[in-house]
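Asker: Sequence first, then the predicted structure:
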Amino acid sequence: MCCVASGDDVIALCLRKSGNRKRSGEVAENDKIQIGMSFDSFVIERWQRDRDIFVSTAKELGSEVNVQNANGDLEQQKKQINYFIDKGMDVIVVICIDSKGLTEEVQRAKDAGIKIIAYDRLLQNTDIDLYISFDNERLGRLCRGQQRCYGGKGLSQGHGGQSGDDLRFYACGWLESRTGGDVYL
C-alpha cells in the first residue's frame, strides 16, 4: 500500500477514530486522540522538521503527540512502542530502524486495537494500517538523471532504512532510468 498525503491529511486520518471530533482545538481534554510517535533518531535534520510539523498540526486538530527518539537502537524502539501500547495510545506512528524488527510489537498494538502508521520506511511482515512515503522509484529515476547531467560522477547515494523496501524501490527506479526498461529486484 502506498499513500501520498499531506501532514494535515495524515492527522485527519488519525482523527477519524471518532466521527464527532472538531477540526480545531475544541476537543475536550479527555477526548483527545493520543498519538505515539517513535523516531529512529534525529541525526537527520529532516526528522526534526517532520516532527515539528506533525506535532503542531496534530495540536491544531485537537490531538496530543508523545514523541520518542530511539537513537538508532532497535531495542529502545521496541520499548517505546510497548510503552505506547501500555499507555493506550490511539495511533502509533513509526519511523523504523529495522523494517523487519518490530513484528511482535506491531502485532501487540494491533491486538490492543491501536492503529499503526509506518512513516517513510515500510514495516515488513506486519499488518499496518497505513504506509506513508514518497515515490522512491521516481526518486531513483530523478537521481540517475541528475547523475547523467554531471557526466556520471557522484550525486548517487542510497537512502532509507537499513533493510527497507524503500531502497529496493529507489534502486529499481535508478536502474530503470539507466536501462530504459522496467527493472524488478
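Answerer: Now that the structure is in, tell me what you want to look at.

Asker: In the protein, where is pLDDT below threshold?
Answerer: Counting by pLDDT under 70, the chain contains low-confidence ranges at 1-29, 134-185.

Asker: What are the boundaries of the strands in it?
Answerer: 33-39, 63-69, 91-94, 115-119, 130-132 (DSSP state E).

Asker: by contact count, what packs against the shortest one?
Answerer: Helices and strands in packing contact with strand 130-132 are listed as helix 7-15, strand 115-119; criterion 3 or more Cβ pairs under 8 Å, 6 or more residues apart in numbering; DSSP states H and E. Every C-beta, even on glycine, is put in place using the N, C-alpha and C of the backbone.

Asker: Alpha carbons of the shortest one, as PDB, please.
Answerer: Taking Å, rounded to 0.1, in the frame of the first residue of the first chain, the C-alpha atoms of strand 115-119 are listed here in PDB:
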ATOM      1  CA  LYS A 115      -3.700   1.900  14.600                       C
ATOM      2  CA  ILE A 116      -0.200   1.600  13.200                       C
ATOM      3  CA  ILE A 117       1.300   4.000  10.600                       C
ATOM      4  CA  ALA A 118       4.600   3.300   9.000                       C
ATOM      5  CA  TYR A 119       6.200   6.600   8.100                       C
END
